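S.K.: what's the 3D shape of this:
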Amino acid sequence: MSLRADTGTDTARGQRMPRSARRAQLLEAAQAAFVESGYHAAAMDDIADRAGVSKPVLYQHFPGKLELYLALLDKHSEALEMLVREALASTHDNKERVYASIAAYFDFVSRDGAAFRLIFESDLTNESAVRNRLDAVGLVCAEAVAEVIAEDTSLPDEDASLLGMALTGLAQVSARHWLAQGSDVPKDEAARLVGTLAWRGLGSFPKVGGEGSTEAAR
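M.R.: Alright, predicted model coming up:
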């Protein structure tokens with residue numbers, strides 16, 4: 001099988017598409033295959049068929065199945081990190097920031113395409129490149145939360161880091177459970193319920209430069 005120079009075209013099927021658009025198309029097809037069948041059962045032939053391209057075109061963009069999977073992990077990891085950072089920056093009201101951070105995870109798991117499964121339910125965690133990315137996205141989100149906690153309280157960085165990991169872990173597990181159970185509780189209400197639980201704990205820590213707890217920032 002010979003590979004043409006990458007022009008972003010599939011002459012075998014008469015299709016022409018810019019390289020960036022073709023890459024996005026291939027990633028969408030790969031995501032559908034991985035979510036439906038899992039990494040090990042998904043085949044490059046199936047991904048090419050879903051994208052409506054020949055295998056040579058698929059291989060022009062991604063040398064193999066692992067590269068496709070890693071590209072998807074990078075894409076959705078960045079999306080989750082952005083949701084968390086936007087939530088933290090959305091308000092200076094600490095209570096609302098906790099709610100917004102929890103809601104970011106509920107929003108992420110609710111997105112079309114079940115992208116969350118690639119990060120939270122990967123069947124390829126024994127692959128070091130995958131494990132490193134999964135660990136990294138969990139850590140970067142926890143650190144983003146920890147930075148805010150450290151800035152707003154008198155807690156040392158180590159304590160803030162532990163609380164950041166606890167909050168993001170609570171958000172992730174709760175959101176996944178809510179989705180998996182098909183709960184009758186509306187998404188926003190569910191996120192706020194979990195946020196209330198989290199705030200009851202975080203709100204008790206003293207606020208730097210203020211009196212009483214972080215609740216003084218409201």
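S.K.: Can you pull out the low-pLDDT segments for this protein?
M.R.: 1-15, 209-218 (pLDDT under 70).
S.K.: redo that, cut-off 80
M.R.: Within the chain, the segments meeting pLDDT under 80 span 1-17, 112-113, 183, 208-218.
S.K.: what are the ranges of the helices in it?
M.R.: Per DSSP state H, the chain carries helices over the ranges 19-37, 44-51, 55-61, 65-89, 94-109, 116-120, 128-152, 157-180, 187-202.
S.K.: And the second one, what's buried?
M.R.: Taking 16 or more other Cβ atoms under 10 Å as the basis for neighbour counts, the residues of helix 44-51 that come out buried are M44, D46, I47, A48, R50, A51. For every residue, glycine as well, the C-beta is placed using N, CA and C.
S.K.: who does it touch, helix- and strand-wise?
M.R.: Counting contacts by 3 or more Cβ pairs under 8 Å, 6 or more residues apart in numbering; DSSP states H and E, helix 44-51 packs against helix 19-37, helix 55-61, helix 65-89.
S.K.: what distance separates the longest one from the middle of the whole chain?
M.R.: In terms of Cα atoms, centre = their mean, to the nearest Å, the gap separating the centre of helix 65-89 from the centre of its chain is 5 Å.
S.K.: Check the second one too.
M.R.: Using Cα atoms, centre = their mean, the mean C-alpha position of helix 55-61 is found 26 Å from that of the whole chain.
S.K.: I'd like the helices and strands packed on helix 44-51 as JSON lines, with mean neighbour count and distance to A103 appended.
M.R.: Listed next are the helices and strands packed on helix 44-51 as JSON lines, based on neighbours: other Cβ atoms under 10 Å; distance: least, Cβ to Cβ, whole Å:
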{"stretch": "helix 19-37", "mean neighbour count": "18", "distance to A103": "23"}
{"stretch": "helix 55-61", "mean neighbour count": "20", "distance to A103": "35"}
{"stretch": "helix 65-89", "mean neighbour count": "18", "distance to A103": "7"}
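S.K.: Okay then, goodbye and thanks.
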